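> Make a model of this:
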Amino acid sequence: MLTEREKIGIIAQISMDFNETKDIDLLLERILTNVRKFFNADAGSIYLREGKKLKFSYTQNDTLQKRLEPGKKLIYNIFSIPISNRSIAGYAARNMTTVNIPDTYTLNDSFPFTFDSNFDRISDYSTRSVLAVPMTNQRKDVLGVMQLINARNDGGEVIPFSPEDEGLVMHFSNSAALALERAQMTRNIILRMISMAELRDPKETGSHVNRVAAYSVEIFEEWARGKGLKADEVRRRKDLLRMAAMLHDVGKVAISDLILKKPARLTCDEYEIMKSHTYLGAKLFKDVQSDFEEVAATVALNHHEKWDGTGYPGHIDLSVEDPLRGCTTPDGLPMPKSGEDIPLFGRIVAVADVYDALCCRRCYKEPWDESRIVEEMHRSSGKHFDPEVMDAFFSCLDVLRSISLRYPDEEVETGNAPVRERKSL
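Residues are numbered from 1 along each chain as shown. Take a look at the predicted model:
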């Protein structure tokens, strides 16, 4: 068990995470990691409220994690449950009360809720003690439910959560709710910016940008693990990347509808105009006042660069009215960027963006099958993409597949049957 000094240290770390972590997905990870450590819980999950339902949004499980190869992550399904008395989490949310169950397998008809043991059977796991607490803001609105599973003693044996734990976990949940509210506000502001682009270009959807951002974080984390980067540095940088990657195509707000919505192939002149969305997006963040703005500008400017130097826009000067007239070659074109001249986050988002495009379905294009996608990504390594980034991509491909299920596209009518709208190449 933790000493009092270790507990104080975790409390300080939790407070720091609440204040420093801006992205909601990464905040969920930090909340659950530290709260589980404080209570020595083997597993846990967080549900976020969406209307009258709770969405299973994040989970951790030490026992199942140890069964995986080093560096691999748990793959889990996203689902929703009603806010009702039928489930443990639903009961905690509906009644705004903490639920402390010493052993889920001894629940009887005297309890209004039941325990669904299907997950235990499928995963060969035993969920015994459960501590579920609602996360409420200052207005007493329920934002979600945090659920801790299987408290452990010093010998690693599963024990019930103590009554004293109930007051402490409520304190953490209230603090977490305030941080979640701020993170949700940040995410909503970014999505509103993206919705402006979506009004211009229907391919720029919230689902697409969430997938690209989530892919980018996983690829970066795998790349960083291979490089031996310190955990604090990885955590700080992936928080910035997660938000910035969502805005990679925000410059399309400045592109004419005649080009964005043209049903036919673009002319050479129109394509040149389309390519300007990279530096137009970067210019939105030209007066840099934060690390986030700096990273967002870097991603917007560089996500169409290619490892072999055949991408765009190349070396340009954002401080002048016409950036393409900055650092140019004798033929008047910008000097190309290649290799590590391209910032890391630009190289990573390039991979994530193209991967999502290959997986997409459009009214004129079916999604590529898995084998064709893998073949194309392999073929592009060393040409379009940084080979080391591609190594990281393939190492976490199973996680990327699961991310696509978390952010499904809205179905749109195309005349005959609905299809899922996805971004094209």
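
> Could you tell me how many residues sit around residue 232?
By the criterion of other CB atoms under 10 Å, residue 232 has 8 neighbours. Every residue, glycine included, has its C-beta placed from N, CA and C.

> Let me see the confidence value for it.
Looking at residue 232, its pLDDT is 88.

> separation between it and residue 390?
26 Å (CB to CB, to the nearest Å).

> do the same with residue 399
Counting by CB to CB, the gap from residue 399 to residue 390 is 15 Å.

> Neighbour count: these two, which is higher?
It is residue 390, of residue 399 and residue 390, that has more neighbours when counted by other CB under 10 Å, with 21 against 18.

> What are the neighbouring residues in contact with that one?
Residues in contact with residue 390 (CB atoms under 8 Å, 6 or more residues apart in numbering) are 351, 377-378, 380-381.

> now residue 67
Not one residue lies near residue 67 by CB under 8 Å, 6+ apart.

> and it, that one's in a strand?
No: applying DSSP: H, G, I helix; E, B strand; the rest coil, one finds residue 67 to be coil, outside a strand.

> Just the pLDDT for it.
For residue 67, pLDDT reads 95.

> Give me the phi and psi angles of the residue most central in space within the chain.
Nearest to the geometric centre of the chain sits residue 214, at 3.4 Å (CA atoms, centre = their mean). Here is the backbone geometry of residue 214 (degrees, to the nearest 10): phi -70, psi -40.

> Chain neighbours aside, what residue packs nearest to it?
Closest residue in space to residue 214, ignoring its immediate chain neighbours: residue 403 at 4.6 Å, by CB to CB, 6 or more residues apart in numbering.

> quick one: low-confidence parts of this protein?
1-2, 4, 7-8, 14-19, 196-205, 326-328, 361-365, 410-425 (pLDDT under 70).

> ok, 80 please
1-21, 193-206, 261, 263, 321-322, 324-333, 360-366, 409-425 (pLDDT under 80).

> list the buried ones in the helix of greatest length in it?
Using DSSP state H, we find that the single longest helix of the chain is helix 163-200. Buried residues in helix 163-200, counted by 16 or more other CB atoms under 10 Å: 165, 168-170, 172-173, 175-177, 179-183, 186-187, 190, 193-194, 197-198, 200.

> One more: stretch 130-139?
Neighbour counts over stretch 130-139 (16+ other CB under 10 Å) mark 130-136 as buried.

> Restricting to C-alpha, output it in PDB.
Taking C-alpha atoms only, stretch 130-139 is exported to PDB below (Å, rounded to 0.1, in the frame of the first residue of the first chain):
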ATOM      1  CA  VAL A 130     -16.400  -1.900  -7.300                       C
ATOM      2  CA  LEU A 131     -16.500   1.700  -6.200                       C
ATOM      3  CA  ALA A 132     -18.600   3.900  -8.600                       C
ATOM      4  CA  VAL A 133     -18.900   7.700  -8.000                       C
ATOM      5  CA  PRO A 134     -20.700  10.300 -10.100                       C
ATOM      6  CA  MET A 135     -18.600  13.200 -11.400                       C
ATOM      7  CA  THR A 136     -20.600  16.400 -10.800                       C
ATOM      8  CA  ASN A 137     -19.800  20.000 -11.500                       C
ATOM      9  CA  GLN A 138     -20.600  23.100  -9.300                       C
ATOM     10  CA  ARG A 139     -24.200  23.200 -10.700                       C
END
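
> Now do the strands in the chain.
Using DSSP state E, the strands of the chain run over 41-50, 53-61, 80-82, 99-101, 130-136, 142-152, 158-159, 411-412, 419-420.

> Need those in JSON lines (columns: distance to residue 337).
Formatted as JSON lines, the strands of the chain follow (distance: least, CB to CB, whole Å):
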{"stretch": "strand 41-50", "distance to residue 337": "39"}
{"stretch": "strand 53-61", "distance to residue 337": "36"}
{"stretch": "strand 80-82", "distance to residue 337": "44"}
{"stretch": "strand 99-101", "distance to residue 337": "55"}
{"stretch": "strand 130-136", "distance to residue 337": "44"}
{"stretch": "strand 142-152", "distance to residue 337": "43"}
{"stretch": "strand 158-159", "distance to residue 337": "54"}
{"stretch": "strand 411-412", "distance to residue 337": "35"}
{"stretch": "strand 419-420", "distance to residue 337": "33"}
